[in-house]
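Participant: sequence below, structure please.
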Amino acid sequence: MQLLLTLSLVVLAYSTVFWEDDFSDPNWESRWVISTKRPSSERGQLALESGKWTDKKGLQTVDDARFYTLSTKFPEFSNVNSVLVLQYSIKQTQVVDCGGAYLKLHPKGLDQENYDGTSVYNIMFGPDQCGGTKRVHAILTRDGTNHLINKQVYPETDLFTHTYTFILRPDNTYEILIDGDSKASGAIEDDWSILPPKQINDPTKSKPSDWQDSKYIDDPEDVKPEGWDEIPQEIVDPDAAKPEDWDDELDGEWEAPRVPNPEFKGPWRPKQIENPKYQGEWVHPLIDNPEYKAVDDLYSFPSFESAGIEVWQVKAGTIFDNFLVTDDEELAAAARKKVNAQRENEQKLEAEERAAEAAKEKEEEPEEKEDL
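Facilitator: Numbering: from 1, shown residues only. Okay, here's the model as predicted:
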């Protein structure tokens, strides 16, 4: 037991927390700088709030239909040859129809006063939704280009606190977790279009002109019935009768209305039969892409010095909290466990609230009947 404890302490001794902020120090404005790049009329207010079913306060967006652009700096570091874990929690206080809640990590040199959507970043991660589009962004910047993950990861949409975690590992793999549950993982090379593909279509090959890729064909023995094209699409309504008060001199010559012809069958098409020469879909032969070159540091960035929130929200009320950037996955898991406990308690209190409301409605029901 003592040996295990010693080993655990050794592991922790090598862990590094590059940045964290859980707003236990309420003087958040001393740590975060609000950008003044946009007019004040477009900038939303921020406040420390907890939301329903919890006393834990975080940084909340207050005003609907506003931009929120703020950043904080920390000692510069690089994740070369080490794990990088970016983690934070989100709690929505109203149902979101359109709004971002993602975080950006920036290299050295961010102009905080003029911070905006054009500011260079290394990583952008977190939930974003607008209308029917709901996704967790995971964007990596390489050589000046921002690359969005090719996989679809859906965010949580309820009003409880949820933790979003993005892990980059030195073996060029990644993992995205929500509340500790893995939602996407694999090789960075496979799930981001950062590098050219390993293989491409052989430019010297093309589908043979006589390749049969139609599974069904027109039956050559099927013949259009005689008179098919002579059947009119509409006919005179056989049930129509000239109104008794119709005056040809005043109203003109009466014409019976036309109705769809039940005999009309539309353009004739021969029936389909299976193609006896069907060969299946032609597959283009591949060759190694001469422009592809393996890169072993897709996971790494030479400089991190700041984190920023740069979002537009139609519906505000998002509470950002429990920010953590570290090289220790176990440390992040321990922090996540505390947030999970907070969420479970929120869910418990919400269930009790609903039960109390249902009981109250049931108690009031007989009194309403008596009043009637």
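
Participant: only C-alpha atoms for contact and neighbour calcs from this point on.
Facilitator: Fine.

Participant: how about the helices in the stretch 1-150 of the chain?
Facilitator: Counting by DSSP state H, counting those that start in this stretch, the stretch 1-150 of the chain has helices at residues 2-13.

Participant: so where's it uncertain?
Facilitator: Within the stretch 1-150 of the chain, the stretches falling below the threshold (pLDDT under 70) are 1-13.

Participant: now with 90, please.
Facilitator: 1-15, 96-97, 131-133 (pLDDT under 90).

Participant: so which residues of it form strands?
Facilitator: The residue ranges that make up the strands of the stretch 1-150 of the chain, judged by DSSP state E, counting those that start in this stretch, are 17-21, 32-34, 46-49, 58-61, 66-77, 84-91, 98-100, 103-106, 123-130, 133-142, 145-148.

Participant: the stretch 251-372 of the chain too?
Facilitator: Shown for the stretch 251-372 of the chain, the strands assigned by DSSP E, counting those that start in this stretch span residues 258-260, 272-274, 286-288, 304-313, 319-326.

Participant: looking at those strands, which is nearest to residue 163?
Facilitator: strand 319-326 (8.5 Å; CA to CA).

Participant: that older thread, dump the strands of the stretch 1-150 of the chain to CSV, plus distance to residue 309.
Facilitator: Compiled in CSV, those are given as follows (distance: least, CA to CA, whole Å):
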stretch, distance to residue 309
strand 17-21, 13
strand 32-34, 10
strand 46-49, 12
strand 58-61, 11
strand 66-77, 5
strand 84-91, 12
strand 98-100, 9
strand 103-106, 5
strand 123-130, 10
strand 133-142, 13
strand 145-148, 17
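
Participant: per-residue confidence at residue 168?
Facilitator: Per-residue confidence (pLDDT) for residue 168: 98.

Participant: going forward can the numbers begin at 372, since that is how I track them
Facilitator: Understood, numbering begins at 372; the last thing we discussed is residue 539.

Participant: beta partners of it?
Facilitator: With DSSP bridges as the criterion, the beta-bridge partners of residue 539 are residue 455, residue 545.

Participant: quick check: it touching residue 452?
Facilitator: No: the pair residue 539 and residue 452 fails to qualify as a contact (CA atoms under 8 Å) at a distance of 10.6 Å.

Participant: ok, those two, which is more surrounded?
Facilitator: Taking residue 539 and residue 452 together and counting by other CA atoms under 10 Å, residue 539 has the greater number of neighbours (23 against 12).

Participant: who touches that one in this structure?
Facilitator: Neighbouring residues of residue 539 by CA atoms under 8 Å, 6 or more residues apart in numbering: 454-456, 545-546, 670-671.

Participant: nearest to residue 437 among these?
Facilitator: Each of the contacts of residue 539 was checked against residue 437 using CA to CA; the closest is residue 456, at 29.5 Å.

Participant: possible to save the contacts of residue 539 as TSV with distance to residue 429 and neighbour count?
Facilitator: Listed next are these as TSV, based on distance: CA to CA, whole Å; neighbours: other CA atoms under 10 Å:
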residue	distance to residue 429	neighbour count
454	27	20
455	23	24
456	20	24
545	28	21
546	25	17
670	30	24
671	30	21
